[in-house]
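Trainee: Requesting a structural model of the entry that follows:
(4 chains, ligands or ions: 4)
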Amino acid sequence: MNSSRLPAAEFEVEEVLRAAHAAEEGSRTEPDLDMLQVLAADGTMASGLAADIAGTTVDLGPYLAQDADHLRSLYRDMFLIRRFDQESTALQRQGQLALWVPLTGQEAAQIGSGRALQPQDYAFPTYREHGVALTRGVELSQILRLFRGVTNGGWDPRERNFHLYTLVLAAQSLHAVGYAMGLQRDQLADPSLPPAASIAYFGDGASSEGDIHESMVFAASFNAPVVFFCQNNQWAISVPSSVQTRVPLAQRAEGYGFPGIRVDGNDVVAVEAVTRWALEHARSGRGPVLIEAYTYRMSAHTTADDPTKYRLSRDEQEWQPRDPLARLEAHLRSAGTADDAFFEELAAEARTMASELREAVLSMTAPELAERFATVYAEPHPLVQEELRFFEQYEAGFAEEGKHA
Amino acid sequence: MNSSRLPAAEFEVEEVLRAAHAAEEGSRTEPDLDMLQVLAADGTMASGLAADIAGTTVDLGPYLAQDADHLRSLYRDMFLIRRFDQESTALQRQGQLALWVPLTGQEAAQIGSGRALQPQDYAFPTYREHGVALTRGVELSQILRLFRGVTNGGWDPRERNFHLYTLVLAAQSLHAVGYAMGLQRDQLADPSLPPAASIAYFGDGASSEGDIHESMVFAASFNAPVVFFCQNNQWAISVPSSVQTRVPLAQRAEGYGFPGIRVDGNDVVAVEAVTRWALEHARSGRGPVLIEAYTYRMSAHTTADDPTKYRLSRDEQEWQPRDPLARLEAHLRSAGTADDAFFEELAAEARTMASELREAVLSMTAPELAERFATVYAEPHPLVQEELRFFEQYEAGFAEEGKHA
Amino acid sequence: MATMTIARAINEGLRASLTNDPKTLLMGEDIGELGGVYRVTDGLKRDFGAMRVVDSPLAESGIIGTAIGLALRGYRPICEIQFDGFVFPGFNQITTQLAKLRTRSDGMLSAPVVIRIPYGGGIGSVEHHSESPEALFAHTAGLRIITPSNAQDAYWMIQQAVTCEDPVIVFEPKRRYWLKGEVDTSAPAGDPFSAQILRRGTDATIVAYGPLVPVALAAATAAEEDGRSVEVIDLRSISPIDFDTVTESVTRTGRLIVAHEAPTFGGIGGEIAARISERAFLSLEAPVIRVGGFHMPYPVARVEEQYLPDIDRILEALDRAFAY
Amino acid sequence: MATMTIARAINEGLRASLTNDPKTLLMGEDIGELGGVYRVTDGLKRDFGAMRVVDSPLAESGIIGTAIGLALRGYRPICEIQFDGFVFPGFNQITTQLAKLRTRSDGMLSAPVVIRIPYGGGIGSVEHHSESPEALFAHTAGLRIITPSNAQDAYWMIQQAVTCEDPVIVFEPKRRYWLKGEVDTSAPAGDPFSAQILRRGTDATIVAYGPLVPVALAAATAAEEDGRSVEVIDLRSISPIDFDTVTESVTRTGRLIVAHEAPTFGGIGGEIAARISERAFLSLEAPVIRVGGFHMPYPVARVEEQYLPDIDRILEALDRAFAY
Ligand SMILES: Cc1ncc(C[n+]2csc(CCOP(=O)(O)OP(=O)(O)O)c2C)c(N)n1
Ligand SMILES: Cc1ncc(C[n+]2csc(CCOP(=O)(O)OP(=O)(O)O)c2C)c(N)n1
Ligand SMILES: [Mg+2]
Ligand SMILES: [Mg+2]
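Mentor: Residues are numbered from 1 along each chain as shown, chains lettered A, B, ... in the order given. Ligands and ions are numbered 1, 2, ... in the order given. A predicted model of the protein is given here:
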């Protein structure tokens, strides 16, 4: 992530991406190998789902939720979070946010997995999981506090069991495993507690970091109730996922001896089913699971990014027909389970949300630096106190008197 | 590694390892699953070797070297390095070395893999690979310079393409990959160069470090000519390998999309064949390979370690019959390709080596601290020069005159 | 009152923490059956079980990172890093996560993780086993760093680290593990983040911590023979530093020597020298003199005695201070 | 002579290095097609190809660790760390491997790896994108650390880092990337490890580096209005530090202010203050005053202007120095 307040790059944007690049591109596209899917890109829906897990066929049917109400609510979440994304992008362009990290294209992966969580589960996002935040019930405007630069956090993670965004890639994956080790111990101490799991979100780029490995080693070693949820959106800023791996990322799990599943990350129904299964697997003491949601970042990495530098519009167009919202809309319409009124109502709801969001952002006040001294330590700290005293005197204009106490 | 100069632990050694521990022990022993072997523990030798690599059967026959001369020379290397190990242990006990890291039990893994290397290959050891050093032609006494505390290195790695020991676990694995990336570039620049590979040695414990993961990610991404050679000797000091992994470590390779093979690490013939194949695979541009040599650390972790604290003598006894030297001796004797004279001659050679070693160690002089200032930087450095000046004046007794320039 | 070594005092302190708070747990490499390579956790797995005393996989980032997660779930993990030189794979988790969690959450979350690190040289060991990296942590806000120099402090400071709501790194002076001392296991503990004047003097002050405290005391005794009355302060806490105690001392003595094993350049002695030079500018009769390691990787065992600050090096520094 | 920004000057410097020595190569995240998030490597992959300008997997330890391996094979890798706050996963490789390789091999091996790190605040960014961690590297022997403050230095210092046999970390003042200046691409470069007096004065000296150099110069100009003649030194090299130049200056001016963005506590300013207080004890008319960040994680964007040392903070420090 780089800041939007930067001067624009002075170097000319290359007019055409080189032929070499285009050639590379060709070989980059990984085959959609063994990817679980229920809802096809054209909106047709299968009625069952089975996964091959370490050579055994597992029926995920019981985890599938396909009734009309449920599908409509999934669509609603995806629609609202896309609208949220658009509004936040607009707010950034208008200078109200320092930066924005769009999720467009990844709604199914996030809403599907987020909806699979139970209240007692705890989610560790990276920085793009606004959709998961919505499913957890986090007040969306709070997310924008981070991007407005008034806090590095934004919400109380304990309220909705949704952790703060962690910007150092992969670091949170270990926190998720440790948290799961805590859940294990809680359960041992009090077996009447509802079984719970944690879930760690990370990207295809982050998968290369050592912390991802160590988190999988620890999770396997302690059979921790954790689900690793990798959104392979094909890109780590400008670097294609083929630089991080030459096989599906889900396959990494085999090296640690726990299940790894690749799911169509643009199919919200399949994502939800797979994640439900994985969470239950974890909660019931059977250990960790890795899910790779194969999806696509349809927008820029952040509002400071310029994807024309590194990817062809052809590529972006290729993914357009796989849009997670379009396919569920197609399904709902063709199945007759949602009519124009539904979509119009939803659009209206989204408009209201957007304007409330805008209001909330504009009313967010900047903190005072003086307040920041209070949260460095939990207990009194003489250096912090001394520096705060200095700062307050300095600010109060005593500074000019020459000598600080 | 901890130092031998420490006072002995004051806490009483637990009289009996707890029943709980014993129970754990039982489940710890991993099955010898899918482990390549030619030379069985009883000395019988198969005539062929085939590996299942990603579902395809690969004939390793062409890589097998089984003629009598060769087998005798493998035995010789293993015998000499065990003798070296014993002598070094003795030197440590006599206070001539600060510490010793024994290899007994791992001779086949080290001699087999080391002998598979060609001169242009480059090896990155951890700290226990004295056997590999021998196969590279490193003067063995130089290794003891490190353990005598007169250097952190000991030999010129470029002379024999055998890198210095790296004590921070797993760090050298990335160096091996970078080196292999250099080999790739050299080859591109000058195709007449003999193809070469690097090999990274690490242990079952080190396999959990993030650097191992990153090295495998980089190796796969750049298809680097590197062989990862993991000696799974069952223990990371006191921690059994089951804490690091619940599946064979060789399986990790699947997650990166390159071949992983588990070989009987106590079978020098199979180890050599597999490593030869892997190196050729790497050198010929087909990318990295992971070899897990399944073996056993028959002695303590270091001379400062006390294995009775954490493992049962039953365990140690179980591995005794799988001794890599005993089985090759049994084979040589039953095949009639080595007689008593051979073994006696070898023992005599080893005795000579040992006494020369002892002499070399005793004649190793400690450096002067003043010399250490010279190797911190390659180019002149004012702070180092200033501190050296101070130190020399201080040592010369000028210090008493009160003021340092 | 009982006599025990520093190692045993930490063992007993850990035992007390494990007993007092069911949410505490130990994590590290070889801390279970083996009891750690220094036997500091000896017997604790036997007595508290594998869920409380966890032999972790061999990965320092993993140890610190999962400890943070455990802390988020309400636990109080006490991590052992096997040696000073092996903390660096965990540096990212300590610096960017553990230290910043509280600020990141605007004070809503805390991560009361304790990290025990045996540190320092003088044990005749190989590379990476003798370092003093405390300055590399002290610069990062959000962490607290303490280092006991005697058994009484060792027993109490580890327990105080555990109950502290902030993350605390405890640097344990490994070459003093077998130093014996009296421990009052009933006495209420003093503030672990304060310095302690161990010896009164009028002509100069020596500030030291951890393994160099006995050296500083011996130097002060030796200086007495030259007619110099030297005050000795055990810093005890490296972050925060109890500058009040040091300033007060220096305003009385007029001279300050700061000694640590870590290299002088960029070491914590620079911070002390800078701050005291400012606070006590008009009282100083000589510049603050630092005694520390040279700007080189910790040298090989056979020369470490020449490298480590010893009584003579401190006396030489005193000579320089008195020459002004 | 050409006018260019610092970013462009580094780009041109890298281009010159890639042209002059076929063994050089760049490695990092997003440095290829994208040209880095700051476009500093823009166009280089196009012109030198994927074997010389390598988009690496996303792993900082991997970048540094493989760079060491490449260096062992005779290459001269120039690594880019995307932001200051993301260097820490690579900290272990830098601290325990890169810095120590030469000593470990008794001088037989060297690892001429260059690590470029855009650093510092003032860009209105989110967490981990505005830090100044130079002190965390300066304490480790075996590394060299430089930081250019203008285009001319940027162009030459990166090239000098590349030809240096020692590992060099180049901290690039990211908020000054678009600061323009004259670059003489033909002039022989001065010693990159020396400080430079940018402005002469008689009453006080300000030492600054990287992003704060323009601030120090502006403060000196402002002080002139109060009748104070202030000398300004651009430190340029953080390890080693050119103490001779600073000492010489302070013996003339009698007062020293050291300014950096990094937190004061444990920062490199402490080292400078301590060393100059010792070297110039009898010349100092006031204690060395440090101006730096507070002991807190780099604050959120909306308050960073209050946090960052600015002209007023330096003037306030000058006032304090003149009050003695
Ligand atoms: C340790 C670390 N290194 C570098 C960065 C800079 N950075 C921010 S996002 C990003 C790409 C991440 O890609 P991926 O993990 O695929 O997640 P995505 O952005 O696609 O959701 C990079 C390199 C970082 N945040 N953390
Ligand atoms: C990064 C790091 N952490 C901890 C240590 C301390 N240590 C030295 S050897 C060892 C166990 C290594 O086990 P393994 O990798 O299996 O190798 P083996 O000793 O069995 O050959 C440990 C924990 C270290 N050297 N480096
Ligand atoms: Mg991605
Ligand atoms: Mg092992």
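Trainee: Please, where are all the helices along the stretch 51-200 of chain C?
Mentor: Secondary structure of the stretch 51-200 of chain C by DSSP state H, counting those that start in this stretch: the helices cover C:60-72, C:91-92, C:101-104, C:135-138, C:151-163.
Trainee: and if you look at chain A?
Mentor: A:19-28, A:68-93, A:107-116, A:130-136, A:140-147, A:157-160, A:171-189, A:210-222, A:268-281, A:313-319, A:324-334, A:340-362, A:369-372, A:382-395 (DSSP state H).
Trainee: ok now the fifth one, how far from the chain's centre?
Mentor: Using CA atoms, centre = their mean, to the nearest Å, the mean C-alpha position of helix A:140-147 is found 14 Å from that of the whole chain.
Trainee: Now do that helix, average pLDDT.
Mentor: For helix A:140-147, the per-residue pLDDT values average out at 98.
Trainee: Tell me if stretch C:272-282 is near chain D.
Mentor: Yes: contact of stretch C:272-282 with chain D (CB under 8 Å from any CB of the partner chain) involves C:273-275, C:277-278, C:281-282. All C-beta atoms are positioned from the backbone trio N, CA, C, and that covers glycine.
Trainee: could I get stretch C:268-278 in PDB with only the CA atoms?
Mentor: Extracted C-alpha coordinates of stretch C:268-278, given in PDB (Å, rounded to 0.1, in the frame of the first residue of the first chain):
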ATOM      1  CA  ILE C 268      21.900   1.900  25.200                       C
ATOM      2  CA  GLY C 269      24.800   3.600  26.800                       C
ATOM      3  CA  GLY C 270      24.500   6.300  24.200                       C
ATOM      4  CA  GLU C 271      21.000   7.000  25.300                       C
ATOM      5  CA  ILE C 272      22.000   7.200  28.900                       C
ATOM      6  CA  ALA C 273      25.000   9.400  28.200                       C
ATOM      7  CA  ALA C 274      23.000  11.700  26.000                       C
ATOM      8  CA  ARG C 275      20.100  12.100  28.500                       C
ATOM      9  CA  ILE C 276      22.300  12.500  31.500                       C
ATOM     10  CA  SER C 277      24.600  14.900  29.700                       C
ATOM     11  CA  GLU C 278      21.500  17.000  29.100                       C
END
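Trainee: residues in contact with it?
Mentor: Counting contacts by CB atoms under 8 Å, 6 or more residues apart in numbering or on different chains, the residues outside stretch C:268-278 that touch it are C:134-135, C:138, C:207, C:238, C:241, C:243, C:246-247, C:250, C:256, C:258-260, C:262, C:264, C:284, C:287-288, C:290-292, D:265-266, D:269-271, D:273-275, D:277-278, D:287-290.
Trainee: Among these, which lie within strands?
Mentor: The strands in this structure, assigned by DSSP state E, contain C:207, C:238, C:256, C:258-260, C:262, C:290-292, D:289-290 from the contacts of stretch C:268-278.
Trainee: Give me the residue at the spatial middle of the chain.
Mentor: If you meant another chain, say so; for now it's chain A. Against the mean C-alpha coordinate of chain A, by CA atoms, centre = their mean, the closest residue is A:Glu129 at 2.4 Å.
Trainee: um, chain C though
Mentor: Using CA atoms, centre = their mean, the residue of chain C that lies closest to the mean C-alpha position is C:Thr147, 2.2 Å off.
Trainee: Can you say which helix or strand has C:Ser17 in it?
Mentor: Applying DSSP states H and E as the criterion places C:Ser17 in helix C:6-20.
Trainee: Wait, the residue nearest to the centre of chain C touches C:Val168, no?
Mentor: No: the pair C:Thr147 and C:Val168 fails to qualify as a contact (CB atoms under 8 Å) at a distance of 10.8 Å.
Trainee: is stretch C:297-317 anywhere near chain D?
Mentor: Yes: contact of stretch C:297-317 with chain D is found when judged by CB under 8 Å from any CB, involving C:Pro297.
Trainee: what about that stretch, start to end distance?
Mentor: Taking CA to CA, to the nearest Å, the first and last residues of stretch C:297-317 lie 23 Å apart.
Trainee: related to what we said a few turns ago, can I get the helices of the stretch 51-200 of chain C in a markdown table including distance to ligand 4?
Mentor: Shown next, in a markdown table, are the helices of the stretch 51-200 of chain C (distance: least, CB to the ion, whole Å):
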| stretch | distance to ligand 4 |
| --- | --- |
| helix C:60-72 | 17 |
| helix C:91-92 | 24 |
| helix C:101-104 | 34 |
| helix C:135-138 | 29 |
| helix C:151-163 | 30 |
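Trainee: okay if I get those helices as CSV plus mean pLDDT and mean neighbour count?
Mentor: Compiled in CSV, the helices of the stretch 51-200 of chain C are given as follows (pLDDT from 0 to 100; neighbours: other CB atoms under 10 Å in any protein chain shown):
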stretch, mean pLDDT, mean neighbour count
helix C:60-72, 98, 30
helix C:91-92, 98, 28
helix C:101-104, 98, 26
helix C:135-138, 98, 26
helix C:151-163, 98, 24
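Trainee: Distance to B:Val263 for those - can I get that in CSV?
Mentor: Written out in CSV, the entries for these read as follows (distance: least, CB to CB, whole Å):
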stretch, distance to B:Val263
helix C:60-72, 28
helix C:91-92, 35
helix C:101-104, 45
helix C:135-138, 41
helix C:151-163, 45
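Trainee: Let me see the confidence value for the spatially closest residue to C:Phe243 that is not a sequence neighbour.
Mentor: Leaving aside its sequence neighbours, C:Phe243 sits nearest to C:Arg275 (CB to CB, 6 or more residues apart in numbering or on different chains; 5.5 Å). Among the per-residue scores, C:Arg275 holds a pLDDT of 98.
Trainee: cool, and the one 10 residues further on?
Mentor: In this prediction, C:Glu285 carries a pLDDT score of 98.
Trainee: Could I get the contacting residues of it?
Mentor: Residues in contact with C:Glu285 (CB under 8 Å, 6+ apart) are C:254-255, C:321, C:324.
Trainee: which residue ranges form the helices in the stretch 201-324 of chain C?
Mentor: Counting by DSSP H, counting those that start in this stretch, the helices of the stretch 201-324 of chain C are C:213-225, C:243-253, C:268-279, C:304-307, C:311-322.
Trainee: for the shortest one, which positions count as buried?
Mentor: Counting neighbours by 16 or more other CB atoms under 10 Å in any protein chain shown, one finds that the buried residues in helix C:304-307 are C:304, C:306-307.
Trainee: Is that helix in proximity to chain B?
Mentor: Yes: counting by CB under 8 Å from any CB, chain B is contacted by helix C:304-307 at C:306-307.
Trainee: gap between that helix and the chain center?
Mentor: When distances are taken as CA atoms, centre = their mean, helix C:304-307 is centred 21 Å away from the chain's centroid.
Trainee: Would you mind putting the CA coordinates of it into PDB?
Mentor: Taking C-alpha atoms only, helix C:304-307 is exported to PDB below (Å, rounded to 0.1, in the frame of the first residue of the first chain):
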ATOM      1  CA  GLU C 304      36.100 -13.000  24.400                       C
ATOM      2  CA  GLU C 305      37.900 -12.200  27.700                       C
ATOM      3  CA  GLN C 306      39.800  -9.400  26.000                       C
ATOM      4  CA  TYR C 307      36.600  -8.200  24.500                       C
END
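Trainee: for it, packing partners?
Mentor: Applying 3 or more CB pairs under 8 Å, 6 or more residues apart in numbering or on different chains; DSSP states H and E, we find helix C:304-307 packed against no helix or strand.
Trainee: average model confidence for it?
Mentor: According to the model, helix C:304-307 has a mean pLDDT of 96.
Trainee: So what touches that helix?
Mentor: Contacts for helix C:304-307 (CB under 8 Å, 6+ apart): B:368-369, C:121-122, C:124, C:130, C:293-294, C:298-299.
Trainee: How about the contacts made by the nearest residue to A:Pro248 once chain neighbours are set aside?
Mentor: Once flanking residues are discounted, A:Pro248 sits nearest to A:Arg262: 5.0 Å by CB to CB, 6+ apart. The contact partners of A:Arg262, by CB under 8 Å, 6+ apart, come to A:33-36, A:248-250, A:291-292, A:294.
Trainee: ok, now how distant is A:Arg262 from ligand 2?
Mentor: Between A:Arg262 and ligand 2 the computed distance is 32 Å (CB to the nearest ligand atom, to the nearest Å).
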